[in-house]
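Asker: just a sequence and a predicted model for now, questions to come.
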Number of protein chains: 2
Amino acid sequence: MRNNLKKEESQLDGIDARLIELLYDNARTPVTELARAVGMTAPSVNERLKRLEESGVISGYRVEVNPLVLGYSLMAIVRMRQLPGKMKALEAQIDSIAEIVECDKVTGDDCYIARLYLKDISQLDPILDSISELADTNTAIVKSTPVTRRLLI
Amino acid sequence: MRNNLKKEESQLDGIDARLIELLYDNARTPVTELARAVGMTAPSVNERLKRLEESGVISGYRVEVNPLVLGYSLMAIVRMRQLPGKMKALEAQIDSIAEIVECDKVTGDDCYIARLYLKDISQLDPILDSISELADTNTAIVKSTPVTRRLLI
DNA sequence: CGTGAAATATCATAGCA
DNA sequence: TGCTATGATATTTCACG
């Protein structure tokens, strides 16, 4: 994985866009099948994928795991505002909590917004307690997901 | 993709967990290479993957695209509270905005929390305007991402 | 950037432990 | 559940337009 990410917009042609859509649907689709779908040969598709990877457009291929099936029946979104002088400690604490799968630092009154999976609601309190000396928190439980993470190209 | 998702926790053995980690790192890793990594033969790994897919633990394999390289230089998190009687219209509007790549409906004062990509800051106002008759909004710009979406198993 | 062809590697299935 | 064996596919490289 190279590091020559372009900051400027690298526009995709129709075929690259289609390849990415197909790989978003199933990242393990064989190159030959991708080639059939876009009306090209396997080697050309292979080269296109290499270019997309090396230019940084494609940053990876990831398996997607269903947290529900693993017993994580709740998702929560926790907004945090660190207490004075506690920023680094808060970030370390956030990083150490495995149930936090994502966290952004943002402008505005809330400083951090994190996404959290829980096996049941009783897990929430200990986790929030472990943060309470570092930040004020505000927790929302996810009831449904009108837009599931989707592709933007 | 079958639909026999188990609601109860289906615990992974060490090998399944390792396979998922390897596929989280690179979902296109050939089965033979996975097999080498876990000290098994390709057919057995293949069967394990099938089982993980059919039990719903693995819900898919997705390409990951770097929005920065495509010119989306800003990420924002928008919290929304729908105005009376506008819930369905708001959900439809949210769904129609391609830049919103994710949206959750949550408990609490904010009803919806969405993640948004922007090519530049001037794109923000038109998008918020298109929502303003359906919901009150509160927007935070992402400054950094202390925890990038990570695997929970 | 694309192709065809050939060498190498991988996948899928079936039969057995 | 796992392994070996095997035929069918897929990937990769290269010479060439």
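Answerer: Everything's here; your move.
Asker: packing partners of the longest strand along chain A?
Answerer: Taking DSSP state E as the criterion, chain A has its longest strand at strand A:135-147. Strand A:135-147 makes packing contacts with strand A:74-82, helix A:124-131, helix B:87-96, strand B:100-106, strand B:112-118 when contacts are defined by 3 or more CB pairs under 8 Å, 6 or more residues apart in numbering or on different chains; DSSP states H and E. In short, each C-beta sits where N, CA and C put it, glycine included.
Asker: could you redo the last one with a cut-off of 6 Å?
Answerer: Counting contacts by 3 or more CB pairs under 6 Å, 6 or more residues apart in numbering or on different chains; DSSP states H and E, strand A:135-147 is packed against strand A:74-82, strand B:100-106.
Asker: mind giving me the domain split of chain A?
Answerer: Following automatic domain parsing, chain A resolves into domains at A:14-54, A:74-141.
Asker: that older thread, would JSON lines of the helices and strands packed on strand A:135-147 with mean neighbour count and distance to B:Asn46 be doable?
Answerer: Shown next, in JSON lines, are those (neighbours: other CB atoms under 10 Å in any protein chain shown; distance: least, CB to CB, whole Å):
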{"stretch": "strand A:74-82", "mean neighbour count": "21", "distance to B:Asn46": "31"}
{"stretch": "strand B:100-106", "mean neighbour count": "21", "distance to B:Asn46": "32"}
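Asker: let's have those in JSON lines, adding mean pLDDT and distance to B:Ile113.
Answerer: As requested, the helices and strands packed on strand A:135-147 are exported to JSON lines (pLDDT from 0 to 100; distance: least, CB to CB, whole Å):
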{"stretch": "strand A:74-82", "mean pLDDT": "98", "distance to B:Ile113": "6"}
{"stretch": "strand B:100-106", "mean pLDDT": "98", "distance to B:Ile113": "5"}
